[in-house]
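Novice: Sequence plus predicted model, see below.
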Amino acid sequence: MDRVSRALAGKEILVTGATGFLGQPLLEKILWSAPDVERIHVLIRPKRPFGGEVQTPAERLRRELFQSSVFDRLRYRYGDDFERFLEQKLVAVGGDISQDRLGIDPALREELHHRIDLIINSAAVVSFDAPLDDALSLNTRGAGRVADFAAECDAAALIHVSTAYVCGASDQSIPDQLRALARSLGIGYATLIDDRQSVGRLYDVSRLPLTLLLDRDGVVHDTWVRDRVAKDELIAGIRELQRQ
């Protein structure tokens with residue numbers, strides 16, 4: 001970890017999904033192993049708890065991260081200076097990967113373009129029964145928005161964390177080319193892009209053909225396979241349009 005610690009010293013990082021199951025230990029690991037990191041900008045959207053008032057990104061940062069048990073060994077390391085340490089290292093950035101331009105204030109977005117050295121995208125829908133349109137909006141289009149942000153930065157590297165369980169029900173080796181996986185599962189995905197001039201319609205889940213949801217025996221398949229096949233077909237369709 002010495003090499004990682006040296007590489008991150010003095011750097012500014014933008015992290016998405018930091019309040020989630022993976023994001024919190026990710027932040028803790030960075031702060032534990034690379035305490036000389038300059039600053040971690042945490043993309044957080046406002047949130048209204050059921051029956052409560054809207055919590056600002058800064059309020060969520062303090063409530064969901066500062067008070068998290070994930071940081072217990074940092075509490076032990078820094079003692080009374082724990083909160084001061086987090087205040088120096090963690091900064092809430094109001095935004096949402098489901099929104100255009102990540103929903104970040106334009107002035108702040110421009111400032112971050114010049115400051116960010118590394119972006120870690122760990123935001124995703126991980127519910128097994130999430131609606132496909134939600135999964136596409138965050139796991140596919142959201143990742144694209146983060147990539148667009150990275151491209152606009154002066155010199156930021158991008159690390160994208162894939163969603164879990166993308167292999168679905170298969171116990172075989174999964175190749176990078178997910179078309180092969182779709183075929184092995186017998187999913188009739190080809191009809192997704194019958195009209196290749198209207199790839200954008202794929203975002204309208206009501207128009208997705210039933211063959212995406214069923215296998216050859218008419219049984220609903222694993223939701224993550226369904227999600228991954230949709231992503232793969234969407235990317236393939238866009239690439240074909242670009243070649244035309």
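Specialist: In hand now; what should we look at?

Novice: can you pull out the helices in this structure?
Specialist: Secondary structure of the chain (DSSP state H): helices at 2-8, 23-33, 57-60, 72-78, 82-89, 106-115, 132-135, 143-152, 178-184, 223-243.

Novice: which one of those has the lowest average pLDDT?
Specialist: Note on the helices of the chain: lowest mean pLDDT is at helix 178-184, with a mean of 44.

Novice: Flag every buried residue along stretch 69-89.
Specialist: Of the residues in stretch 69-89, Phe71, Leu74, Tyr78, Phe82, Phe85, Leu86, Lys89 count as buried by neighbour count, 16 or more other Cβ atoms under 10 Å. The way it works is simple: take the backbone N, C-alpha and C, and place the C-beta from them, glycine included.

Novice: before we move on, what about stretch 142-154?
Specialist: Buried-residue list, stretch 142-154, by 16+ other Cβ under 10 Å: Gly142, Ala143, Arg145, Val146, Phe149, Ala150, Cys153.

Novice: is it true that the fifth one touches Ile119?
Specialist: The one in question is Phe149. Yes - at 7.0 Å, Phe149 counts as touching Ile119 under the criterion of Cβ atoms under 8 Å.

Novice: Any chance you could list residues touching both of those two?
Specialist: Common neighbours of Phe149 and Ile119, using Cβ atoms under 8 Å, 6 or more residues apart in numbering, are Leu14.

Novice: Can you tell me, leaving aside adjacent residues, what's nearest to His114?
Specialist: Sequence neighbours aside, Asp154 is the residue nearest to His114 in space, at 5.5 Å (criterion: Cβ to Cβ, 6 or more residues apart in numbering).

Novice: Pop out the phi and psi values for the one you found.
Specialist: phi -60, psi -50 (degrees, to the nearest 10).

Novice: Ile116 too?
Specialist: phi -70, psi 130.

Novice: what sits against Val93?
Specialist: Here Val93 is in contact with Leu14, His41, Val42, Leu43, Ile44, Pro57, Ile104, Leu108, Leu112 (Cβ under 8 Å, 6+ apart).

Novice: could you redo the last one with a cut-off of 6 Å?
Specialist: The neighbours of Val93, taking Cβ atoms under 6 Å, 6 or more residues apart in numbering as the test, are His41, Leu43.

Novice: distance of the residue nearest to His114 from Glu110?
Specialist: In this view, Asp154 and Glu110 are 11 Å apart by Cβ to Cβ, to the nearest Å.

Novice: next one: Arg48
Specialist: Counting by Cβ to Cβ - Arg48 and Glu110 are separated by 28 Å.

Novice: before we move on, what about Phe21?
Specialist: Counting by Cβ to Cβ, the gap from Phe21 to Glu110 is 32 Å.

Novice: Ok, Leu74 next?
Specialist: For Leu74, the distance to Glu110 - Cβ to Cβ - is 32 Å.

Novice: Domain map for this protein?
Specialist: 2-160, 178-243 (automatic domain parsing).

Novice: thinking Gln18 is in contact with Leu43, fair?
Specialist: Actually, residue 18 is Ala rather than Gln. No - assessed by Cβ atoms under 6 Å, Ala18 is found out of contact with Leu43, at 7.2 Å.

Novice: one step back: going by distance to Leu26, which of the buried residues of stretch 142-154 wins?
Specialist: The closest of the buried residues of stretch 142-154 to Leu26 turns out to be Val146 (Cβ to Cβ; 14.9 Å).

Novice: who's in contact with the closest residue to Ala18 other than its chain neighbours?
Specialist: Closest residue to Ala18 apart from its sequence neighbours, by Cβ to Cβ, 6+ apart: Val42 at 4.4 Å. Val42 sits next to Val15, Ala18, Leu90, Ala92 when contact means Cβ under 6 Å, 6+ apart.
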